[in-house]
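# Kindly return the folded structure for what I paste below:
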Amino acid sequence: MKIAMIGQKGIPSRAGGIEIHVGEISERLAFLGCDVEVYCRRDYCDRRFDGESYKGIIIKYTPYIRSKHLDTITHTFTSTISALLSHCDIFHYHALGPSTLAFIPRLFGKRVVCTVHGLDWQRGKWGKLASLYLKLGEYATARFSHKTINVSKNLVNYYREKYGLETGYIPNGVERPDLMKPMLIKEKYGLDKDDYILFLARLVPEKGVHYLIDAFGRIRTDKKLIIAGGASHSEKYENELRLLAGSNENIIFTGFVRDLELAELYSNAYFYVLPSDVEGLPISLLEAMSYGNCCLVSDITENTDVIGSIGYSFKKSNVRDLEQKLGMLLENKSRVLKVKGLAGQYILNKYNWDQIAVSTKHVYTAVAESGKKTSKKWRMKDDGKRQTLN
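Numbering: from 1, shown residues only. So this is what the prediction gives:
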């Protein structure tokens, strides 16, 4: 079975949750015997593998127009054509924008799977026209895909209510990390263990970093607030965040982080905050919990489903409630430590990449088998006329 992964920026990459998801399941699917081709945008990959395989995966770089509005769709188109020429059996599109082109492989009799990582048209960085196009992508995932996968149970309910469609539920996952001592972050930012509150994700409006900076500025504390992450076609928003932080020396912007710096920030945070308005299934939250962090999240279903009873939440978009919850955790270390003792094992049991890859392969097998049954539905009568087999 030959699989084409289309829609991600590329692998290996930490550009976003989709890239992490595709990288993790592709490696495992290759181990499970699938021929996996991952279509990448060269400029977004941490490393390049021209003519080489990566962890059993075939990496293919296809051209695209690098701009906020044309980047994804042009790369999806060239990747789709390349995958057709490569005779892929299953075309697996990730996210709403790329899924708008899912009809193309269907025209050629190919099997199509779409994974919805979130309702991207809700995200604040897109204008009206782009949001309308992403809504078309949502429709495409429901109508052009042989099987639609959602990464959260809330999205499964959404597709059931809006389209009358029973979609699959396959979440993101996480691996057990190695805890690191604060060495690099001490050298770069003067940070020691439990010195800081951590936000780590892309700097885009729907992540709600502005609420966090506002709420933190109202609190008296010696803790630092670390804002770790880069912009994603949202440089204007990042500049607004820096203006909001002003001259507050306790707020530190690190920019995009990865590797050792990323691990040290997760390992030594006092607690982690994710104040988002919109999510699919936030990998940064899974990662924060895997490092044993106490997490404070906005009360959207996609966040509260992850933390369950192991963590704290505040009212979405409510700066006053966020301020109160921040203050409560800063003043009650025993509450933070109690959650820290439970979070790691809880999240590792709940979200496992190995099982996620197996579940994804089951979807491929079911889609492929249904295609074989459809192709056998017709047979020719002796007189040359077609009839449907019961």
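# Just the buried residues of the host helix or strand of T115, please?
Taking DSSP states H and E as the definition, T115 sits inside strand 111-116. By neighbour count on 16 or more other C-beta atoms under 10 Å, the buried set for strand 111-116 is 111-116. (Glycine included, C-beta is placed from N, CA and C.)
# Quick one: those as TSV, columns for pLDDT and distance to E166 too.
Formatted as TSV, the buried residues of strand 111-116 follow (pLDDT from 0 to 100; distance: C-beta to C-beta, whole Å):
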residue	pLDDT	distance to E166
R111	97	18
V112	97	17
V113	97	15
C114	97	14
T115	97	15
V116	95	14
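# that older thread, partner strands of the strand holding T115, parallel or antiparallel?
Strand 111-116 has its sheet partners listed here by DSSP bridges as strand 90-94 (parallel), strand 147-150 (parallel).
# Give the stretch among these with the greatest mean number of neighbours.
Comparing those by mean neighbour count (mean count of other C-beta atoms under 10 Å), strand 90-94 ranks first with a mean of 27.
# next helix or strand past that strand?
Counting by DSSP H and E, what follows strand 90-94 is helix 96-99.
# what's in contact with that following helix?
Contact with helix 96-99 is made by 6-7, 72-73, 76, 93, 114, 116, 119-121, 133-135, 137-138, 140-141, 144-145, as judged by C-beta atoms under 8 Å, 6 or more residues apart in numbering.
# Check the gap between the closest residue to T221 other than its chain neighbours and R48 for me.
Nearest residue to T221 in three dimensions, chain neighbours excluded: L330, at 5.4 Å (C-beta to C-beta, 6 or more residues apart in numbering). According to C-beta to C-beta, to the nearest Å, L330 stands 44 Å off from R48.
# now N318
For N318, the distance to R48 - C-beta to C-beta - is 44 Å.
# For D299, see how far away the closest residue to A102 other than its chain neighbours is.
Leaving aside its chain neighbours, A102 sits nearest to F144 (4.1 Å; criterion: C-beta to C-beta, 6+ apart). Going from F144 to D299 by C-beta to C-beta gives 34 Å.
# Of those two, which one has the most company?
Between F144 and D299, F144 has the larger neighbour count (other C-beta atoms under 10 Å), namely 20 against 14.
# wait, isn't V22 in contact with Q8?
Yes: with contact defined as C-beta atoms under 8 Å, V22 reaches Q8; the gap is 4.4 Å.
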